[in-house]
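# Compute the structure for the input listed below.
(2 chains)
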Amino acid sequence: MATDPRTTDPVFVFDGVAVELGGHDVLHDVTATVPDRALTTIVGPSGSGKSTLLRLCNRLAVPSVGRVLFRGRDMADLDVLATRRRIGMVFQAPTLFAGTVRDNLAVAAPEGPEERWRRALEAAELDAAFLDRDADSLSGGEAQRACLARTLVTEPDVLLADEPTSSLDQTTTRTLERLARALVDRGIAVLWVTHDPAQSRRLADWSLTMSNGTIVAWGPPRDANANVDVTGVE
Amino acid sequence: MDADVTFVGLALSSLLVAVAVAISWWRRLGLERDMAIATLRAAGQLLLVGSALALVLAPDAPLWWSWLWVAGIIGFAGITVRARAAVLPGVLGIALAANAVTAAVAFGLVFGLGVFPLEPRTLVPIAGMVIGNAMKAQVVSAQRTVDAVAQRRLELEARLALGQPSEVAARPVTRSVLRTALSPQIETTKAVGLVFLPGAMTGLILAGVNPVDAVLVQAALMYIILGAVATSTAVVTLVGVRRLFTRDHRLVPISRISDG
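Residues are numbered from 1 along each chain as shown, chains lettered A, B, ... in the order given. Now for the predicted structure:
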């Protein structure tokens, strides 16, 4: 099941990337590729630079050194707003905005139409009745799935997921994992950050293992995550 | 009524400070020295300003001396805002621009429409009131803008990640900052006369002016101040929030915000 990015066109290439924030190197010497139409995990302990690596993929962070290529083009040359609509992101904590679920979906796609919103909800296994639910009234799992729906409304090619199940129970975690696999089956590349090697092995086609701000192993998860340093895992 | 306060009268009024000092000594607050220094410093500063004002407001003084005074106030207010709200990057330039816009709007309306005649004895005190109140509002709105962006970082990044431009993503934040910053002035305007008699009106009544005339002056000043606070709050918040995003629609890192 593993897709080797060395034999296919990668969705992302990190080319000698370093990121410096507040005077210290968050990432350094990062060179790796991420396969298209596959689920790739980024695995490592807290503070290893996983989230920063993910944020480079939609330009919420930018390299201080090196380049990030998206389908062969330097991300620095792409229109940032249009690119972000092609590369959706779900965060660690559900980040619903005030108002109803419909209001939230309308932030991503103000013009609708309603059918598009319903399709996005369906892809997140939420029924259309959720459109009128107040965002504050949703459980943690429902809120995270509503966030996924809001991201899918823009019909992205890529989904970035930053530890999206870290605050969820096991059942909801498995639901989100299944939804991510379904997106890959629809041809969407998924990058999923986790500190849990078991989740990576369960979920991923390909994996990057990080430690101290750089990638220390990459390949199919069984190999790449074999020696994950779990020091600092919460 | 004779409203002249002699130096003896001033000394007698400072007896109330002695009461405050006594309370501090009695409760061991350790504020006696600070109170004494503050009292003497206030008297010194006001006497100095009063002497300068006597020159600027002299009957034969040219109007440009007053404009120079206004420019000085704007500069000093900008420096004060920078000292108190250094967390906002580039706050000095923003505060100077906000003061200039506020002064232009306020003076344009007040003197352009002939609410007050344009002469030193109206320009200088109105400038002091307008810029003084605008300065306080600028400090509050600059601090709140930074706090709100830091607190709502997750929401802002979620909006940016959906492809919203930073100015659109920041709208809910700027809206709440503007509401919070303007509310106190609106409440003050509502409560005026019921709870407290504001400074200008009190001063005019003490100086023997008919209370109804004093009220008209005060009402006009309150409207000018409300407008000035709204203008400067809007400039600081709307320009300031842009400094918290990069040109390519990312949030400025928190460390850079806190470093100022």
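
# can you map out the helices along the stretch 151-260 of chain B?
Remark: helices assigned in the stretch 151-260 of chain B by DSSP state H, counting those that start in this stretch are B:153-161, B:166-169, B:171-191, B:199-206, B:211-242, B:254-259.

# same question, chain A
A:50-56, A:80-86, A:101-108, A:114-123, A:140-152, A:170-185, A:197-203, A:221-224 (DSSP state H).

# Tell me which of these sits nearest to chain B.
Nearest to chain B among the helices of chain A is helix A:80-86; the distance by Cβ to the nearest Cβ comes to 3.9 Å. All C-beta atoms are positioned from the backbone trio N, CA, C, and that covers glycine.

# Alpha carbons of the closest one, as CSV, please.
Extracted as CSV, the C-alpha positions of helix A:80-86 are listed here (Å, rounded to 0.1, in the frame of the first residue of the first chain):
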residue,chain,number,x,y,z
VAL,A,80,-1.1,32.5,-1.1
LEU,A,81,-4.8,32.9,-0.7
ALA,A,82,-5.7,30.7,-3.7
THR,A,83,-3.2,28.1,-2.6
ARG,A,84,-4.7,28.0,0.9
ARG,A,85,-8.1,27.2,-0.6
ARG,A,86,-6.5,24.2,-2.4
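
# Against which helices or strands is that helix packed?
If you count contacts as 3 or more Cβ pairs under 8 Å, 6 or more residues apart in numbering or on different chains; DSSP states H and E, helix A:80-86 packs onto no helix or strand.

# how distant is that helix from the center of its chain?
15 Å (Cα atoms, centre = their mean, to the nearest Å).

# cool, and stretch B:169-180?
In terms of Cα atoms, centre = their mean, the centre of stretch B:169-180 is found 20 Å from the chain centre.

# Residue 33: how many residues sit nearby?
All of this refers to chain A. If you count neighbours by other Cβ atoms under 10 Å in any protein chain shown, A:Thr33 ends up with 21.

# that's the other chain; I wanted chain B
Neighbours of B:Arg33 using other Cβ under 10 Å come to 10.

# Contact partners for the closest residue to B:Leu92 other than its chain neighbours?
Among residues not flanking B:Leu92 along the chain, B:Arg82 sits closest, at 4.2 Å (Cβ to Cβ, 6 or more residues apart in numbering or on different chains). B:Arg82 makes contacts with B:Val91, B:Leu92, B:Ala95, as judged by Cβ atoms under 8 Å, 6 or more residues apart in numbering or on different chains.

# you'd agree the second one is up against B:Val81?
Okay, so that is B:Leu92. Yes: B:Leu92 lies in contact with B:Val81 (Cβ atoms under 8 Å); the separation is 7.3 Å.

# Columns mean pLDDT on top of the helices of chain A, output as TSV?
Converted to TSV, these look like this (pLDDT from 0 to 100):
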stretch	mean pLDDT
helix A:50-56	96
helix A:80-86	95
helix A:101-108	94
helix A:114-123	90
helix A:140-152	94
helix A:170-185	92
helix A:197-203	93
helix A:221-224	87
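
# how about JSON lines for those helices, with mean neighbour count added?
Listed next are the helices of chain A as JSON lines, based on neighbours: other Cβ atoms under 10 Å in any protein chain shown:
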{"stretch": "helix A:50-56", "mean neighbour count": "22"}
{"stretch": "helix A:80-86", "mean neighbour count": "18"}
{"stretch": "helix A:101-108", "mean neighbour count": "21"}
{"stretch": "helix A:114-123", "mean neighbour count": "17"}
{"stretch": "helix A:140-152", "mean neighbour count": "24"}
{"stretch": "helix A:170-185", "mean neighbour count": "16"}
{"stretch": "helix A:197-203", "mean neighbour count": "19"}
{"stretch": "helix A:221-224", "mean neighbour count": "20"}
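
# Figure out which of those is closest to B:Leu251.
helix A:50-56 (10.7 Å; Cβ to Cβ).

# ok, back up a step: same drill for B:Leu92 and B:Val81, tell me which one is more crowded.
Using other Cβ under 10 Å, the more surrounded residue of B:Leu92 and B:Val81 is B:Val81, with 28 against 16.

# can you list the weak-confidence ranges in chain B?
Across chain B, the ranges flagged by pLDDT under 70 are B:1-3, B:196, B:254-260.

# residue contacts, the residue sitting furthest away from the middle of chain B?
Here chain B reaches farthest from its C-alpha mean at B:Leu162, the gap being 38.2 Å by Cα atoms, centre = their mean. B:Leu162 makes contact with A:Arg84, A:Arg85, A:Gly88, A:Val107, A:Ala108, A:Arg150, A:Thr151, A:Thr154, according to Cβ under 8 Å, 6+ apart.

# List just the nearest of those residues to B:Thr231.
A:Val107 (29.8 Å).

# wait, that closest one sits on A:Phe97?
Yes: contact criterion Cβ under 8 Å: A:Val107 and A:Phe97 qualify, at 6.1 Å.

# tell me, what's touching these two both at once?
B:Arg159.

# what's the closest non-adjacent residue to the one residue sitting closest to the centre of chain A?
Ranked by distance to the mean C-alpha position of chain A (Cα atoms, centre = their mean), the top residue is A:Leu160 at 1.7 Å. Closest residue to A:Leu160 apart from its sequence neighbours, by Cβ to Cβ, 6+ apart: A:Met89 at 4.3 Å.
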